[in-house]
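Asker: sequence? don't have it. structure:
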């Protein structure tokens, strides 16, 4: 019999991870596989609350994607505009326009929900 309990604190979380490790590879449809599914759900819920993933700021997302794709500011001219506009956007002095958001989403695959977030005070 597998003893599954709620995960309320770090010690509960560690216990659940150990139980999960023991159950890993359980035969589908078995009681162990069912327990593994329940543990995975509890662990996921605890991790979501304790270690939330916060969406990046729009400008940071653009800079990160540029770095990933090894893009220069010159490469961004067809997406954001002229050099001056690129500088203003990347420094937080200019908001993204709807057209810029659409191009950034389409061409760089940056999620639109990240791009439409308001700029933080620290970015401006």
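Answerer: Thanks, I have it. The model shown is predicted, which means the values in this text are computed figures rather than measured ones.
Asker: contacts for stretch 105-115, please.
Answerer: Residues outside stretch 105-115 that contact it (C-beta atoms under 8 Å, 6 or more residues apart in numbering): 55, 56, 58, 61, 62, 65, 66, 69, 79, 96, 101, 104. The way it works is simple: take the backbone N, C-alpha and C, and place the C-beta from them, glycine included.
Asker: could I get those residues as JSON lines with distance to residue 16 and neighbour count?
Answerer: Converted to JSON lines, those look like this (distance: C-beta to C-beta, whole Å; neighbours: other C-beta atoms under 10 Å):
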{"residue": "55", "distance to residue 16": "27", "neighbour count": "11"}
{"residue": "56", "distance to residue 16": "30", "neighbour count": "16"}
{"residue": "58", "distance to residue 16": "36", "neighbour count": "24"}
{"residue": "61", "distance to residue 16": "33", "neighbour count": "18"}
{"residue": "62", "distance to residue 16": "38", "neighbour count": "25"}
{"residue": "65", "distance to residue 16": "35", "neighbour count": "17"}
{"residue": "66", "distance to residue 16": "40", "neighbour count": "17"}
{"residue": "69", "distance to residue 16": "39", "neighbour count": "11"}
{"residue": "79", "distance to residue 16": "45", "neighbour count": "19"}
{"residue": "96", "distance to residue 16": "42", "neighbour count": "19"}
{"residue": "101", "distance to residue 16": "41", "neighbour count": "17"}
{"residue": "104", "distance to residue 16": "40", "neighbour count": "24"}
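Asker: for residue 38, give its distance to residue 81.
Answerer: For residue 38, the distance to residue 81 equals 52 Å [C-beta to C-beta, to the nearest Å].
Asker: can you pull out the helices in the chain?
Answerer: For the chain, the helices defined by DSSP state H occupy 10-23, 31-50, 58-68, 83-90, 98-108, 112-115.
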